[in-house]
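Asks: Need coordinates for the below:
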Amino acid sequence: MARKRTNLIGNTPSVRETKVAIYIRVSTIHQVDKDSIPMQKKDLIAYCQLILGTDNYEIFEDAGYSGKNTDRPAFQNMMGRIRKGEFTHVLVWKIDRVSRNLLDFAEMYEELRSLRVTFVSKNEQFDTSTAIGEAMLKIILVFAELERNMTSERVTATMISRANSGQWNGGRIPFGYSYDPKEKVFFIREDEASICRELKDLYLLNRSLAYVSRALNEKGYKTRAGVSWSPHSVWIIASSPFYAGIYRYNRYKGVESRTINPEEEWVMIQNHHPAIFTLEEHQAMRSIMKSNKRNMDNLPGRVHLSTKTHIFQGIMYCDKCGSKMVSTPGRLHVDGYRTSNYGCPLRRNTKKCNNPTVNDIVIGEFVINYILNMLNAKKTFSTINTPDELNAALLSGSVFSEVSSVEENGLNSFFNLLSRYGSDRSYIFSVKSPRKKKAAVDPELSKLRKEKEKQERALQRLQDLYLYSETSMSEKDFIIRKSEISSHLDNINRQLGLMTQDQASFLSDEEFIKQASHLLIQKELKNKKYIYFKKLVSTVDPDILKAYMETILDSIYTADGKITAITFKNGLTHRFIYKDK
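Replies: Here you go, the predicted model:
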């Protein structure tokens, strides 16, 4: 029979029935196949019954997962259910079953404490409810992490020793080759090797990775993954010494940060396997790459990719194929300004899309003036009585001369938004004035936006209740309820067409109006009727502009060199209808 666990909150006793989450992990298939999991299960079930005095338990099992982090399905499932208040105890065989990483375990343990869940390790035999038990836990964790680091160092030394003796340490088999695990040798796959040779000839002749990728795609060739060739996939083959018969190991430090080690630490084994390219051909391709890089670096006003701020990077989309557009440095103007170009990757790599590249001056001039017009419309909304009048205000300025109108649903949604939050004196429309008639919006879209507003209000009330109410709300109840509302809000935002999946980046309508107004704080922009984008970039830090765009904009769509739609972080989408030529 399960024991009861009593906690005092104020003067009110809270009784929770003991329920134990038993967590089991083994890191290798060898352990799974033998007796590690059955042994852990048997010991922990017996501990549950005899020491904790309950048969009320549930087992969570991760087989074949490393303990270097907590990214494991059963563990994450268990933690999710703990957050919902389903368990009072977490029982493990040893603490390194949870994680060998001190920070990961400390984070998990602090969360368990905040949720009033007891952590029990059978083999270490300590009670974390006492100060000495908690101190012992931290000491044990330090040594667990030390052991992991020492093991990692030993493994690294062993792998380098194997590489020095010519043994392959595993990994992805390069395109053009197959590997015989019994004989432990590589051999050439002629169907892929012929593509490698053609790639090499094209690059030596044309000296362009982009040209080679297009040429391979036009001939219908695919990578081993079955996808089209890109300049990067061409670069991997053209730059790798593996195709000249050289096995290179220890180039990178670790597998996550991919920091390059000094060349003297690399392991380079000549004549390790059959070569597809001669050493001279490999060196010739490397020389072309270095020469291309030097030529680009020596251009006047050259801005490196790593230092150039692409203001609209990450929010530009092709309206023909839906691909996220790639940003690259563009032409240097005589006044010293270097543009950013945004191009569709399908056009660049495969020519399957015919959407031309567009630069940031075209994008910026349109977007920043449209936002300015929106803010000016907010200021003068008391004089705007119909969506048609709002449409005229939004499309004021020469940059919109080819646009006939804003698509009806988006226009009407913004009209209704300003009706609620458009007062010049307050973000919340509290000034008494004649109520404008609501503009018609698609019923399904209107229903979604109403539900969005309802959930936003519920989330705000929940936060106010948790922070300010005299009647205390437990952190657990707050987290559970907030998670439910956020999940519902996340689903609504996806249906409204937002590209982002980050719930924290969604803005309520009221917050959107506030955030959109922040840019006008800049002295250079106040009381402007029109903004020249190049001049703006010269007076406002590009990083500030980029951060501002990311704050209020979700996505910008372009087609044939024109902005076709803008989606804001509050789910509002404005699609632009252009005049027929």
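
Asks: My guess is Asn250 contacts Met268. True?
Replies: No - using C-beta atoms under 8 Å as the test, Asn250 is too far from Met268 to be in contact (9.5 Å). Quick note: C-beta positions are derived from backbone N, CA and C, even for glycine.

Asks: How many neighbouring residues does the nearest residue to Arg575 once chain neighbours are set aside have?
Replies: Excluding the flanking residues, the one nearest Arg575 by C-beta to C-beta, 6 or more residues apart in numbering is Glu407, at 3.9 Å. Number of residues near Glu407 (other C-beta atoms under 10 Å) recorded here: 14.

Asks: and if you look at Ala547?
Replies: By other C-beta under 10 Å, 11 other residues sit near Ala547.

Asks: same deal with Arg214?
Replies: For Arg214, the neighbour count with other C-beta under 10 Å is 22.

Asks: Also Leu216?
Replies: For Leu216, the count of nearby residues is 23 (other C-beta under 10 Å).

Asks: Tell me which other helices or strands the helix or strand hosting Asn369 touches.
Replies: In the assignment (DSSP states H and E), Asn369 maps to helix 360-379. Applying 3 or more C-beta pairs under 8 Å, 6 or more residues apart in numbering; DSSP states H and E, one finds that helix 360-379 makes contact with strand 338-343, helix 387-394, helix 408-421, helix 509-517, helix 533-539, strand 553-559, strand 562-568.

Asks: Now it: buried residues?
Replies: Across helix 360-379, burial judged by 16 or more other C-beta atoms under 10 Å covers 360-378.

Asks: got the angle for it vs helix 408-421?
Replies: For helix 360-379 against helix 408-421, the angle by axes from the mean of the first three to the mean of the last three C-alpha atoms, to 10 degrees is 50 degrees.

Asks: CA atoms only for helix 360-379 - export them in CSV, please.
Replies: What follows is helix 360-379, C-alpha atoms only, in CSV (Å, rounded to 0.1, in the frame of the first residue of the first chain):
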residue,chain,number,x,y,z
ASP,A,360,18.1,45.3,-49.4
ILE,A,361,17.6,48.8,-50.8
VAL,A,362,14.5,47.6,-52.7
ILE,A,363,13.3,45.6,-49.6
GLY,A,364,14.3,48.2,-47.0
GLU,A,365,12.7,51.2,-48.8
PHE,A,366,9.4,49.3,-49.2
VAL,A,367,9.3,47.7,-45.7
ILE,A,368,10.5,50.7,-43.6
ASN,A,369,8.1,53.1,-45.3
TYR,A,370,5.2,50.7,-45.0
ILE,A,371,5.9,50.4,-41.3
LEU,A,372,6.2,54.2,-41.1
ASN,A,373,2.8,54.6,-42.9
MET,A,374,1.3,52.1,-40.5
LEU,A,375,2.5,54.2,-37.5
ASN,A,376,1.4,57.5,-39.1
ALA,A,377,-2.0,55.9,-39.7
LYS,A,378,-2.1,55.0,-36.0
LYS,A,379,-1.4,58.7,-35.2
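
Asks: what's the angle from that helix to strand 338-343?
Replies: Inter-element angle recorded for helix 360-379 and strand 338-343: 90 degrees (by the same axes, to 10 degrees).

Asks: what's the offset of helix 360-379 from the middle of its chain?
Replies: Its chain's average C-alpha position is 28 Å from that of helix 360-379, according to C-alpha atoms, centre = their mean, to the nearest Å.

Asks: which residues in the stretch 51-200 of the chain form helices?
Replies: Counting by DSSP state H, counting those that start in this stretch, one finds helices in the stretch 51-200 of the chain at the ranges 73-83, 102-114, 131-164, 190-206.

Asks: now the ones you listed in JSON lines, with distance to Asp543?
Replies: Output for those, formatted as JSON lines (distance: least, C-beta to C-beta, whole Å):
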{"stretch": "helix 73-83", "distance to Asp543": "35"}
{"stretch": "helix 102-114", "distance to Asp543": "30"}
{"stretch": "helix 131-164", "distance to Asp543": "37"}
{"stretch": "helix 190-206", "distance to Asp543": "36"}
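
Asks: Go through these and name the closest to Asp55.
Replies: helix 73-83 (18.4 Å; C-beta to C-beta).

Asks: What residues sit buried inside stretch 61-72?
Replies: Buried-residue list, stretch 61-72, by 16+ other C-beta under 10 Å: 61-63, 65, 67, 70, 72.

Asks: neighbours around Ala238, how many?
Replies: There are 24 residues near Ala238, going by other C-beta under 10 Å.

Asks: what does Ala225 give?
Replies: Neighbours of Ala225 under the rule other C-beta under 10 Å: 8.

Asks: again with Ser398
Replies: 9.

Asks: Leaving out the residues flanking it, which one is nearest to it?
Replies: Using C-beta to C-beta, 6+ apart, the closest residue to Ser398 is Tyr530 (7.8 Å).

Asks: thinking that neighbour is in contact with Gly397, fair?
Replies: Yes - here Tyr530 reaches Gly397: they are 5.4 Å apart, a contact under C-beta under 8 Å.

Asks: which neighbours do these two share?
Replies: Common contacts of Tyr530 and Gly397, defined by C-beta atoms under 8 Å, 6 or more residues apart in numbering, comprise Asn369.

Asks: Show me which of those two is the more surrounded one.
Replies: Gly397 (16 against 13).

Asks: quick one: that one from Leu375, how far?
Replies: According to C-beta to C-beta, to the nearest Å, Gly397 and Leu375 sit 13 Å apart.

Asks: which strand residues sit across from Ala21 in the sheet?
Replies: Under DSSP bridges, the beta-bridge partners of Ala21 are Glu58, Val90.
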